[in-house]
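# Here's a sequence, model it:
(one chain, ligands or ions: 1)
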Amino acid sequence: MYPFWELPFFTSGIVIALIATFHILPCHLATGAFWFNVYIERKSVKENRPELMEFIKRYSLLILVFCFVIGSLSGVGIWFAATVASPRAISALIHNYVWGWATEWVFFLIEIAAIYVYYYTLGRIDSKSHLMLGWLYAWAAWISMVIITGILAFMLSPGEWVNTGGFFDGFFNQTYWPQLFTRTAFMIGIAGVYAVIVASTMENRKVRDEVVRKAAVWGITGMIAGALFSAWYLSKMPGPAKELGLEGGLPYLQAMLKWAGISYLVVLVWFVVCGLIKPQWSGKVSGILILIVLFLGIGAGEGFREGVRRPYIIAQYMYDNQIVATNIKAKGISSEVDKYNNEGFLNNLYFRPDNINMESQTDRLQAGRVIALHQCGNCHALDINAKLRPLPALLANLEPESPEDIAGFLEALGDYPYMPPFAGNDDDRAAVAEYLFWIVRR
Ligand code: HEC
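Residues are numbered from 1 along each chain as shown. The predicted structure follows:
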């Protein structure tokens with residue numbers, strides 16, 4: 001285990017959720033936008049309508065700045081945050097999928113080079129070559145999604161990989177295709193939202209209304225296809241994920257799905273009303289409001305996708321607290337739960353407080369705190385006022401009368417379908433129980 005990244009009150013999970021939700025906006029725009037861009041540019045060239053190029057100019061500048069400055073920064077932010085929050089999980093993914101990421105980064109490089117060349121050669125090279133650059137960007141960007149989706153889907157449904165350890169066995173798993181189709185459809189929807197907003201700033205009213213309408217049609221198509229593919233995705237989720245997310249195992253996940261659905265409907269209605277019927281209503285104000293709705297909807301949707309994986313960070317393989325859950329013979333990986341149960345968790349912790357004397361209460365509390373951070377801290381805050389499932393409050397609800405009550409609760413922790421079993425020996429459990437009882441009583 002690496003040292004635990006503790007964030008008082010705010011917890012690492014919330015930081016990652018915020019960065020990742022924000023990142024979806026630029027990254028899905030980056031992958032979806034150019035299909036619409038190329039469509040408009042082709043129209044402009046074929047029908048000899050130079051006035052449409054005003055849109056191309058504005059839209060590609062938005063993509064350049066929003067996706068490749070802000071989007072890149074938030075992408076790096078996810079890597080940083082995820083690496084310090086769950087170093088072992090990131091390491092496990094890299095050990096399996098380093099060539100996946102390497103391939104993705106090749107397409108990233110093509111994408112980044114293409115957008116710069118595309119933007120700065122606008123109107124400076126012949127239109128056929130310029131269109132080719134647009135196509136190059138559109139394909140490269142989408143292919144980067146084709147690759148990253150495999151790794152994301154692997155985390156929920158690693159498929160045959162658990163038995164074979166094979167790269168493609170894990171990559172093309174049961175949720176891969178539905179997730180790829182859903183993301184592809186929603187990327188068109190998200191690109192449509194931005195296209196409507198950008199088109200609404202165009203000066204020529206007639207052209208503006210025409211482009212807004214076209215963008216709305218793209219957006220609506222993407223949203224409707226996305227809803228159908230989402231239903232397919234939900235039906236393909238593994239059984240335990242369905243129980244948690246759809247059948248009420250964790251009620252807050254159902255609520256998230258509901259909120260994602262509501263914001264989806266709001267965006268759809270906005271497309272129809274402010275895009276198709278009254279394009280003149282599609283100004284910056286309604287645009288910014290709809291971006292906020294989109295952000296919240298994505299947060300709920302992605303939160304649901306991540307949440308149904310509990311208690312795993314990589315399904316069947318590694319728990320959210322980064323303890324290896326099972327043997328994966330093909331990879332020479334063995335479960336750590338039995339090991340910690342027999343040898344003790346604290347004994348095996350490399351970064352542990354020095355010279356702990358279990359006779360001293362202060363030391364025992366300190367030891368209990370470290371174990372609790374490692375085993376509960378990725379899903380629970382330890383401060384009473386914190387936002388993410390604060391343990392003092394949750395435990396207080398169970399009305400424990402002694403540390404032994406809490407130790408008993410810990411022994412049965414794995415009976416909850418969404419929590420990993422406590423991994424450690426009696427000493428570990430007693431130390432955590434004493435610490436947790438202390439924070440409940442404090
Ligand atoms: C994989 C994430 C995860 C880990 C790790 C985890 N929990 Fe939980 N825990 C949850 C979730 C999710 C809930 C449900 C909270 C809710 O209903 O919103 C929960 C609920 C609880 C509750 C309330 C139970 C009830 O029936 O009301 C307690 C107490 C609790 N956890 C203690 C712990 C302790 C102690 C640890 C560490 C030894 C731990 N949890 C580790 C995810 C986790």
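# Would you check how far apart the residue sitting furthest away from the middle of the chain and the ligand are?
For the chain, the largest distance from the centre (C-alpha atoms, centre = their mean) belongs to E359, which lies 44.1 Å off. Shown here: E359 relative to the ligand, a distance of 24 Å by C-beta to the nearest ligand atom, to the nearest Å. All C-beta atoms are positioned from the backbone trio N, CA, C, and that covers glycine.
# That residue in helix, strand or coil?
Going by DSSP: H, G, I helix; E, B strand; the rest coil, the secondary structure assigned to E359 is coil.
# which residues does it contact?
With C-beta atoms under 8 Å, 6 or more residues apart in numbering as the criterion, no residue contacts E359.
# Tell me the pLDDT of it.
pLDDT, E359: 87.
# same deal with A20?
Note on A20: pLDDT of 88.
# what about it, how many neighbours?
Per other C-beta atoms under 10 Å, the neighbour tally for A20 reads 21.
# looking at this, it is in a strand?
No - secondary structure assignment (three-state DSSP) places A20 in helix, not in a strand.
# Distance check, it against L64.
According to C-beta to C-beta, to the nearest Å, A20 stands 22 Å off from L64.
# Would you list the phi and psi of I313?
I313 adopts backbone torsions of phi -90, psi -30, taken as degrees, to the nearest 10.
# ok, it touching D320?
Yes - I313 is in contact with D320 according to C-beta atoms under 8 Å; the separation is 4.9 Å.
# overlap in contacts of these two?
Common contact partners of I313 and D320 (C-beta under 8 Å, 6+ apart): N378.
# quick one: which of the two has more around it?
I313 (26 against 22).
# number of nearby residues for G377?
For G377, the number of neighbouring residues by other C-beta under 10 Å comes to 25.
# Need the pLDDT of it.
Reported pLDDT for G377: 91.
# what's near enough to touch it?
Contacts of G377 by C-beta under 8 Å, 6+ apart are F4, E6, T11, S12, N321.
# Go through these and say which is closest to the ligand.
Of all the contacts of G377, N321 has the smallest distance to the ligand: 4.6 Å, by C-beta to the nearest ligand atom.
# and the closest one, that one's in a helix?
No - the assignment for N321 by three-state DSSP gives coil, which leaves it out of any helix.
# Can you get me a residue count around the residue nearest to it when sequence neighbours are not counted?
Excluding the flanking residues, the one nearest N321 by C-beta to C-beta, 6 or more residues apart in numbering is Q375, at 5.0 Å. Neighbours of Q375 under the rule other C-beta under 10 Å: 28.
# for I384, same thing?
Neighbour number of I384 under other C-beta under 10 Å is 14.
# what about the closest residue to it other than its chain neighbours, neighbour count?
Closest residue to I384 apart from its sequence neighbours, by C-beta to C-beta, 6+ apart: P392 at 4.2 Å. Per other C-beta under 10 Å, the neighbour tally for P392 reads 19.
# shouldn't P392 be in contact with R441?
No - using C-beta under 8 Å, P392 is not in contact with R441, being 9.0 Å away.
# roughly how far apart are the residue farthest from the centre of the chain and A367?
For E359, the distance to A367 equals 12 Å [C-beta to C-beta].
# count of neighbours near the closest residue to the ligand within the stretch 51-200 of the chain?
Minimum separation of the stretch 51-200 of the chain from the ligand (C-beta to the nearest ligand atom) falls at S86, amounting to 11.3 Å. Number of residues near S86 (other C-beta under 10 Å) recorded here: 24.
# try Y39
Residues near Y39, counting by other C-beta under 10 Å: 16.
# and whichever residue of the stretch 201-350 of the chain sits closest to the ligand, what is it in contact with?
Scanning the stretch 201-350 of the chain for the residue nearest the ligand gives D320, at 3.4 Å (criterion: C-beta to the nearest ligand atom). For D320, the contact set (C-beta under 8 Å, 6+ apart) comprises R310, P311, Y312, I313, N378, C379, P420.
# Flag every residue of the stretch 101-250 of the chain that's near the ligand.
Residues of the stretch 101-250 of the chain found near the ligand (C-beta under 6 Å from any ligand atom) are L250.
# Report the residue spans of the stretch 101-250 of the chain with pLDDT below the cut-off.
Applying pLDDT under 70 to the stretch 101-250 of the chain flags no residue at all.
# Can you list the residue ranges for helices in it?
Listed from the start of the chain, the stretch 101-250 of the chain has helices (DSSP state H, counting those that start in this stretch) covering 127-156, 161-164, 167-171, 176-199, 205-236, 239-245.
# dump the residue contacts of the residue of the stretch 51-200 of the chain closest to the ligand.
S12, I313, Q322, N378.
# ok, now with 10 Å
Each residue near S86 by C-beta atoms under 10 Å, 6 or more residues apart in numbering is listed here: 2, 5, 12-13, 16, 92-93, 313-314, 318, 320-322, 378.
# likewise N357?
Contacts for N357 (C-beta under 10 Å, 6+ apart) come out as D363, R364, A367.
# Apply the buried test to the residues you listed and list what passes.
Buried members of the contacts of N357, counted by 16 or more other C-beta atoms under 10 Å: R364, A367.
# I'd guessed the residue nearest to I384 sits against A386; true?
Yes - contact criterion C-beta atoms under 10 Å: P392 and A386 qualify, at 9.0 Å.
# gap between the residue lying closest to E203 once chain neighbours are set aside and F271?
Excluding the flanking residues, the one nearest E203 by C-beta to C-beta, 6+ apart is E54, at 7.3 Å. From E54 across to F271, the span is 22 Å (C-beta to C-beta).
# Compare these two (neighbour count), which wins?
Neighbours per residue, other C-beta under 10 Å: of E54 and F271, the larger number sits with F271, 27 against 19.
# The more buried one should be in a helix, yeah?
Yes - the assignment for F271 by three-state DSSP puts it in a helix.
# Can you name the residues that contact it?
Neighbouring residues of F271 by C-beta under 10 Å, 6+ apart: 189, 192-193, 196, 212, 215-223, 277, 282, 290.
# Let me know the closest of the contacts of G377 to G32.
Among the contacts of G377, S12 lies closest to G32 (C-beta to C-beta), at 29.6 Å.
# what sits against that closest one?
Applying C-beta under 10 Å, 6+ apart, the residues near S12 are F4, W5, E6, A81, A82, V84, A85, S86, G377, N378, A381, L388.
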